[in-house]
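S.K.: how would this look folded up:
(chains A and B)
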Amino acid sequence: AQSVTQLDSQVPVFEEAPVELRCNYSSSVSVYLFWYVQYPNQGLQLLLKYLSGSTLVKGINGFEAEFNKSQTSFHLRKPSVHISDTAEYFCAVRGYSSASKIIFGSGTRLSIRP
Amino acid sequence: NAGVTQTPKFQVLKTGQSMTLQCAQDMNHNSMYWYRQDPGMGLRLIYYSASEGTTDKGEVPNGYNVSRLNKREFSLRLESAAPSQTSVYFCASSATGTSTNEKLFFGSGTQLSVL
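M.R.: Presented below is the predicted three-dimensional model:
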C-alpha cells in the first residue's frame, strides 16, 4: 500500500517570492507521483506528474517538481509566485500495477501576500 | 465532451436516510474512484474500481457501498447516513494502464450535509 505525507498544511508567501511545497511518500513498490491543484471553488486539475525518466518534471503555470527516490520525496517548487497561484495543492501517489489506487495527501494551502 | 458527470450537486439528508450518488464518464476509462474531501484531510479514497465488475475498498469505506454498473457508471450508496458523512464527494476516472495518459478527471462534486 502507498501513503502520502504533506508536511505543511498552510504556506504563506509574498508575491514574487519562491515557494516549495513538500511531499513525502511511502511505498514498497515503484510509484507514479502527481501534484494536483484546486483553485478556490473549483475542482481539481493536474499540475504535473512523474512517471519515469528525468527526475525533474515541469508542469503548468511555471511549477516544477523533483522526484528523489532515496528520500522518497516529490517536492513542488516555483521560483516566483503570483496572486493567481493561491490554491490548495495535493500530492498523490499510485503504484505501477494497473490495479493500484491513487492516494492523496492532506493538501497544502498556498496563500500569496501582495 | 461531458467528461465526468456527477449528480446531485447538493443534498441534505436526515440521519438514517439513504441515498445514491451517481457518476458517469464518457471517456471509455477503465478506472473510477469515489473520494471525499474534508477540511484539513485532503481527498480520502472511499472505493475504487479498476475495471467493470471489480471494486475495492479505499481508505474510508465504512458506511458506503458501490456498484460498477458498467464501464461508464460507478455509483456510491449511503445506506444509513450519519453526520460524520457530511462532506464533499468527488467521483473521478482515469485511463489507468496507459501510463502516458495517467490523469484523473474529476466530476464537479456533491456537497452532502447530514443533519
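S.K.: which helix or which strand is home to residue A:40?
M.R.: Using DSSP states H and E, residue A:40 maps to neither a helix nor a strand.
S.K.: which strand or helix spans residue B:96?
M.R.: Counting by DSSP H and E, residue B:96 is part of no helix or strand.
S.K.: partners of residue 94 in the sheet?
M.R.: Using chain A. For residue A:94, the beta-bridge assignment (DSSP bridges) gives partners residue A:32.
S.K.: try again with chain B
M.R.: Beta-bridge pairing for residue B:94 (DSSP bridges): residue B:31.
S.K.: kindly report the same for residue A:5.
M.R.: Note on residue A:5: beta-bridge partners by DSSP bridges are residue A:24.
S.K.: so how far is chain B from residue A:13?
M.R.: Separation of residue A:13 from chain B (CB to the nearest CB, to the nearest Å) stands at 20 Å. For every residue, glycine as well, the C-beta is placed using N, CA and C.
S.K.: quick one: that residue is in a strand?
M.R.: Yes. Counting by DSSP: H, G, I helix; E, B strand; the rest coil, residue A:13 is found in a strand.
S.K.: give the bridge partners for it, please.
M.R.: Residues in beta-bridge contact with residue A:13 (DSSP bridges): residue A:112.
S.K.: tally of neighbours for it?
M.R.: 16 (other CB atoms under 10 Å in any protein chain shown).
S.K.: now swap in residue B:16 and tell me
M.R.: Residue B:16 has 10 neighbours, counted by other CB under 10 Å.
S.K.: the one 10 residues further on too?
M.R.: Summarising burial for residue B:26: neighbours were counted as other CB under 10 Å, giving 12.
S.K.: low pLDDT regions in chain B?
M.R.: B:1, B:97-101 (pLDDT under 70).
S.K.: ok, the residue nearest in space to the middle of it to residue A:71 distance?
M.R.: The centre of chain B sits closest to residue B:34, judged by CA atoms, centre = their mean, with a distance of 2.5 Å. Separation of residue B:34 from residue A:71 (CB to CB, to the nearest Å) stands at 32 Å.
S.K.: then residue B:63?
M.R.: According to CB to CB, residue B:63 and residue A:71 sit 37 Å apart.
S.K.: which positions in chain B make contact with chain A?
M.R.: Applying CB under 8 Å from any CB of the partner chain, one finds that chain B approaches chain A through B:30, B:33, B:35, B:40-45, B:48, B:50, B:56, B:58-59, B:90, B:94, B:96-97, B:99-100, B:102-104, B:106-109.
S.K.: going through the residues you listed, which ones are buried?
M.R.: For the residues of chain B next to chain A, a burial check counting by 16 or more other CB atoms under 10 Å in any protein chain shown picks out B:30, B:33, B:35, B:42-45, B:48, B:50, B:58-59, B:90, B:94, B:96, B:102-104, B:106-107, B:109.
S.K.: check contacts around residue A:75.
M.R.: Residues in contact with residue A:75 (CB atoms under 8 Å, 6 or more residues apart in numbering or on different chains) are A:20, A:21, A:22, A:23, A:65, A:66, A:68.
S.K.: which element, helix or strand, includes it?
M.R.: Assigned by DSSP H and E, residue A:75 falls in strand A:73-78.
S.K.: okay, how far is it across stretch A:59-74, tip to tip?
M.R.: Its first and final residues considered, stretch A:59-74 spans 13 Å by CA to CA, to the nearest Å.
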